[in-house]
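Colleague: what's the 3D shape of this:
(chains A and B)
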Protein chains: 2
Amino acid sequence: MTIIHSASNYGTVTIVGVGLIGASLGLALKQAGVVTKVYGVGRSKSNLDEALKLGAIDAVIDLAQAAKQSDVIVLCVPVAQMRSAFEVIEPYLESRTLITDAGSTKGDVILAAKEVLGKKACQFVPAHPIAGGAQHGAAAAKADLFKGKQTILCPLQENSAQDTDLIAGFWESVGSDVKKIGSVQHDAIYAAVSHLPHILSYALMASVVNSEDADQKLGHVGAGFKDFTRIAASSPEMWRDICLGNRTAILKELDQYLLIVNHLRKLISDNDGAGLEKLFNKASKARQDLDML
Amino acid sequence: MTIIHSASNYGTVTIVGVGLIGASLGLALKQAGVVTKVYGVGRSKSNLDEALKLGAIDAVIDLAQAAKQSDVIVLCVPVAQMRSAFEVIEPYLESRTLITDAGSTKGDVILAAKEVLGKKACQFVPAHPIAGGAQHGAAAAKADLFKGKQTILCPLQENSAQDTDLIAGFWESVGSDVKKIGSVQHDAIYAAVSHLPHILSYALMASVVNSEDADQKLGHVGAGFKDFTRIAASSPEMWRDICLGNRTAILKELDQYLLIVNHLRKLISDNDGAGLEKLFNKASKARQDLDML
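Modeller: Numbers count the residues shown, from 1 in each chain, chains lettered A, B, ... in the order given. Okay, the predicted model is just below:
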């Protein structure tokens, strides 16, 4: 399907959304010398200007033009904006062009791709680079953002082995370790180890702030509270979109979690010291083991 | 009531429980030069030997003897063991002797003191030094453990102003900043900012470990998950006792928290993006403000 003849050059690449992830990808691809030209698409003129200045992109283009001219299109927009990106691309999408993405959730993005792209969905190889940082925007971009980090690839049944290999090589070219897992499993895993902790951390901050003696409480927080709530400082828009995009898996993980919390509530209420110690022991050992990995 | 004539010397001090907190207190008191003699009481011979070797205590004594001979007795045992310590002390407690403690919960310790000591409860000035560390036992003791840290004092109505001042000065002598608040307020504040996060963190580790694909999930954890669950590596025994000791306040804070989580669950289930963003915004702003303090 594709005319990219060599895994050592991905030709003309368009990055849609030149924030931290998109602009870092542009820098990394150019530093690796695996692209002929990098176009940037975006809504924020200041981000596009910054990306041009940094050399993360060579020129700004509109998305319809990009669909016609690119060998690879990488969607680095928030997951809630993936569908409308597919809608703009679809009428102009050449059969030689491959699409990949950098979304934190996969089931919703894949559904949008299949609904909008139809048969052309075989040209979309979904990905999730596990990279990011506290800072946002093109100005925070780093060429080594992906180095040594995992990129999860969730190939579709419709993807050819060749296209999947090309997109795997594409993400490897910026230094990441590519790991393939199914999209359902991806969404379940990240619901548990990333999305749920963010929701619970936001909830604790909201609970403390909403309480009558909020100022007193906030005046007594220690290192443990700060660790626990650090992720509650994350972008509200991004996490709103992740909650909606991975709704089913998050609700399943949340309900499993609430079973444990309600069990703990009952142990405390029943003064069941042995039960509490047993549960805490298991959790404590698992957490200590995590630091050994 | 007391014959300690000067806030610059606390005479003979007995430390009951010479773990990290108790042994550090001995070192700090001796370094500050505000004690004549420091006795150590404990169940663990190795901790007592270590405390003697470090010079945190001058001699080992039994608790009944300590009650007769001490100007100040400091209970540094886990909160669940405070009642039995009061029971051993009570028959021998001289009217000149003051008692203070280092328990993480106050309502339960105060109840035990009032029930066991009766009228002599006026000699007990409850305290909670906000100090600790990842390591345990006398071997981890540091003379500067309390330096610059808060010690919360929860004086009883029965305490004389003079005795309260003496115990405040005692905790100040080891470098801590003494702050007085009521015991009910203390227990509510620490239930929210310390005890609840520990319980929620244990619960997430237990939920992940109990799930069918636990290994897959644990293989994909990132920095956010590790921050969130760091406190789940804490001592199961200590947190069992805190859960039981501060049961009422913890259940109240947990129920307030569960209201927020269930509200969030409904927002996700209802696809209510605006509601999610509003709640996340408030929480995110509060967490960012916390880093400015």
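Colleague: for A:Q256, which non-adjacent residue is closest in space?
Modeller: With sequence-adjacent residues excluded and distances taken as CB to CB, 6 or more residues apart in numbering or on different chains, A:Q256 is closest to B:S207, at 5.5 Å. Where you see a C-beta, it was placed from the backbone N, CA and C, and this is true even at glycine.
Colleague: now name the helix or strand holding the one you found.
Modeller: Under the criterion of DSSP states H and E, B:S207 resides in helix B:196-210.
Colleague: using PDB, write out every CA atom in the helix or strand just after that helix.
Modeller: Helices and strands here follow DSSP H and E; after helix B:196-210, the next one along the chain is helix B:214-218. C-alpha atoms of helix B:214-218 as PDB (Å, rounded to 0.1, in the frame of the first residue of the first chain):
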ATOM      1  CA  ALA B 214      -1.900  -7.800  37.600                       C
ATOM      2  CA  ASP B 215       1.500  -8.600  36.100                       C
ATOM      3  CA  GLN B 216       0.600  -6.800  32.800                       C
ATOM      4  CA  LYS B 217      -0.600  -3.700  34.800                       C
ATOM      5  CA  LEU B 218       2.400  -3.600  37.100                       C
END
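Colleague: so how far is helix B:214-218 off the chain centroid?
Modeller: Centroid separation between helix B:214-218 and its chain, computed with CA atoms, centre = their mean, to the nearest Å, is 34 Å.
Colleague: contact partners of the next helix or strand after that helix?
Modeller: Tracing the chain past helix B:214-218, the next element assigned as helix or strand by DSSP H and E is helix B:223-229. Residues external to helix B:223-229 that are found in contact with it (CB atoms under 8 Å, 6 or more residues apart in numbering or on different chains): A:193-194, A:197-198, A:200-201, A:227-228, A:230-231, A:287, A:290, B:201, B:204-205.
Colleague: neighbour-wise, which one of these leads?
Modeller: Within these, most neighbours by other CB atoms under 10 Å in any protein chain shown means A:F228, with 29 neighbours.
Colleague: quick one: the strands in the stretch 151-293 of chain A?
Modeller: A:177-180 (DSSP state E, counting those that start in this stretch).
Colleague: where does the prediction get shaky in it?
Modeller: A:293 (pLDDT under 70).
Colleague: could you check how far the one residue sitting closest to the centre of chain A is from B:Y257?
Modeller: Centrality entry for chain A: nearest residue to the mean C-alpha point is A:S104, 2.5 Å, by CA atoms, centre = their mean. Distance, A:S104 to B:Y257, by CB to CB, to the nearest Å: 25 Å.
Colleague: now A:V125
Modeller: 41 Å.
Colleague: what of A:D108?
Modeller: When A:D108 is compared with B:Y257 (using CB to CB), they lie 28 Å apart.
Colleague: nearest spatial neighbour of the residue of the stretch 1-150 of chain A found nearest chain B, skipping sequence neighbours?
Modeller: Closest contact between the stretch 1-150 of chain A and chain B, by CB to the nearest CB, is at A:I130 (6.4 Å). Among residues not flanking A:I130 along the chain, A:Q150 sits closest, at 4.6 Å (CB to CB, 6+ apart).
Colleague: what about the one you found, how many residues nearby?
Modeller: 18.
Colleague: give the contact list for it.
Modeller: Applying CB under 8 Å, 6+ apart, we find A:Q150 in contact with A:129-130, A:176-179, B:220.
Colleague: how about A:L20, nearest residue that isn't a chain neighbour?
Modeller: Sequence neighbours aside, A:A140 is the residue nearest to A:L20 in space, at 5.0 Å (criterion: CB to CB, 6+ apart).
Colleague: cool, and A:I250?
Modeller: Per CB to CB, 6+ apart, closest to A:I250 is A:A191, 4.7 Å.
Colleague: verify the stated contact: the one you found with A:E253.
Modeller: Yes. A:A191 lies in contact with A:E253 (CB atoms under 8 Å); the separation is 4.4 Å.
Colleague: domains of chain A?
Modeller: Domain assignment for chain A by automatic domain parsing gives A:12-181, A:186-292.
Colleague: could I get the ones you listed as a markdown table with distance to B:N9?
Modeller: Compiled in a markdown table, the domains of chain A are given as follows (distance: least, CB to CB, whole Å):
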| stretch | distance to B:N9 |
| --- | --- |
| domain A:12-181 | 50 |
| domain A:186-292 | 31 |
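Colleague: OK, contacts around the residue in the stretch 51-200 of chain A positioned nearest to chain B?
Modeller: Closest contact between the stretch 51-200 of chain A and chain B, by CB to the nearest CB, is at A:P197 (4.3 Å). Going by CB under 8 Å, 6+ apart, A:P197 touches A:231, B:204, B:224-225, B:228-229.
Colleague: out of the residues you listed, who's nearest A:R265?
Modeller: Nearest to A:R265 among the contacts of A:P197 is B:L204, at 14.8 Å by CB to CB.
Colleague: chain B contacts on the stretch 1-150 of chain A?
Modeller: Taking CB under 8 Å from any CB of the partner chain as the contact definition, the stretch 1-150 of chain A meets chain B at A:80, A:130, A:150.
Colleague: repeat that with 7 Å
Modeller: Within the stretch 1-150 of chain A, the positions near chain B by CB under 7 Å from any CB of the partner chain are A:I130.
Colleague: where does the stretch 1-150 of chain A dip in pLDDT?
Modeller: Short version for the stretch 1-150 of chain A, where the test is pLDDT under 70: A:1-7, A:133-134.
Colleague: for it, what spans make up the helices?
Modeller: A:20-32, A:45-54, A:63-69, A:82-89, A:107-117 (DSSP state H, counting those that start in this stretch).
Colleague: most packed of the ones you listed?
Modeller: Compared across the helices of the stretch 1-150 of chain A, helix A:20-32 shows the largest average neighbour count, a mean of 24 (mean count of other CB atoms under 10 Å in any protein chain shown).
Colleague: what's that helix in contact with?
Modeller: When contacts are defined by CB atoms under 7 Å, 6 or more residues apart in numbering or on different chains, helix A:20-32 is touched by residues A:13, A:15, A:18, A:35, A:38, A:40, A:51, A:54-57, A:74, A:76, A:102, A:129, A:131-133, A:135-138, A:140-143, A:145-146, A:173-175.
Colleague: which of the residues you listed are buried?
Modeller: Among the contacts of helix A:20-32, those buried by neighbour count (16 or more other CB atoms under 10 Å in any protein chain shown) are A:13, A:15, A:18, A:35, A:38, A:40, A:51, A:54, A:56-57, A:74, A:76, A:102, A:129, A:131-132, A:138, A:141, A:143, A:145-146, A:173-175.
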